[in-house]
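K.L.:
here's a sequence, model it:
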Amino acid sequence: MASGERLFHCGDVCGLEANEPATHTASAVALQDTECCTVPIEALRGSLADPGMRAAILANLRRQADRQAELLVAIGSMKAAQRLAMLLLDLSAEQARRGVGKGELTLAMTRDDIASYLGLTLETVSRLLSRFRSVGLITVRHRMLRIVDPEGLADVYADADRIARRGPGD
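P.N.:
Numbering: from 1, shown residues only. From the prediction side, this is the model:
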């Protein structure tokens with residue numbers, strides 16, 4: 001993933017931009033098998049007349065905007081461990097929202113993609129994943145990642161120095 005690209009989840013909206021520009025400024029790269037649905041703007045406008053659809057569309061767009069704002073804050077002000085913890089918790093929360101996963105994630109992104117997305121180096125991401133594993137926060141096998149201690153990961157997200165104070169099995 002290139003810097004500035006967004007991470008989309010099932011059900012997210014891509015390409016809906018302010019002021020309906022003649023050409024889209026957004027881009028998306030599929031990191032796994034993906035299905036997309038094209039909705040003409042006229043059909044979307046018609047759907048907005050239905051209060052339930054309008055509420056669902058606006059809630060989806062708000063959730064995406066909040067996640068994007070959180071990422072920008074993370075890249076600008078958080079330590080590397082906090083950024084990675086944030087991403088893993090976000091991926092897990094999205095899977096839980098959709099009723100899948102139960103703490104186990106299939107990482108569609110490579111470690112290099114994760115590094116680019118979070119504004120880190122590949123070495124930092126690999127080192128942090130190893131550290132998270134060694135202190136019992138996660139288990140990793142190939143692209144399968146299981147969050148063993150979500151509260152501990154949330155602690156790291158809140159304060160990156162907490163990982164330094166944790167020992168194996170804490």
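K.L.:
what about stretch 51-69, average pLDDT?
P.N.:
In this model, stretch 51-69 carries a mean pLDDT of 83.
K.L.:
ok, stretch 113-127 next?
P.N.:
93.
K.L.:
quick check: longest helix in the protein by residues?
P.N.:
Looking across the chain with DSSP state H, the single longest helix is helix 51-77.
K.L.:
who's in contact with residue 143?
P.N.:
Residue 143 makes contact with 106, 107, 108, according to CB atoms under 8 Å, 6 or more residues apart in numbering. C-betas here are computed from N, CA, C, even on glycine.
K.L.:
returning to that earlier point: buried ones in whichever helix or strand comes after the longest helix of the chain, by neighbour count?
P.N.:
From helix 51-77 onward toward the C-terminus, using DSSP states H and E, the following helix or strand is helix 80-97. Of the residues in helix 80-97, 80-92, 94-95 count as buried by neighbour count, 16 or more other CB atoms under 10 Å.
K.L.:
so for the residue lying closest to residue 54 once chain neighbours are set aside, what's the pLDDT?
P.N.:
Closest residue to residue 54 apart from its sequence neighbours, by CB to CB, 6 or more residues apart in numbering: residue 48 at 4.8 Å. pLDDT for residue 48: 84.
K.L.:
for residue 65, see how far away residue 48 is.
P.N.:
Applying CB to CB, to the nearest Å, the value for residue 48 to residue 65 is 17 Å.
K.L.:
and for residue 118?
P.N.:
Distance, residue 118 to residue 65, by CB to CB: 19 Å.
K.L.:
also residue 153?
P.N.:
Separation of residue 153 from residue 65 (CB to CB): 24 Å.
K.L.:
neighbour-wise, which of the two wins?
P.N.:
Between residue 153 and residue 65, residue 153 has the larger neighbour count (other CB atoms under 10 Å), namely 23 against 10.
K.L.:
check which helix or strand covers the more buried one.
P.N.:
Going by DSSP H and E, residue 153 is part of helix 150-158.
K.L.:
can you spell out which helices and strands pack onto that helix?
P.N.:
Here helix 150-158 touches helix 80-97, helix 161-165, going by 3 or more CB pairs under 8 Å, 6 or more residues apart in numbering; DSSP states H and E.
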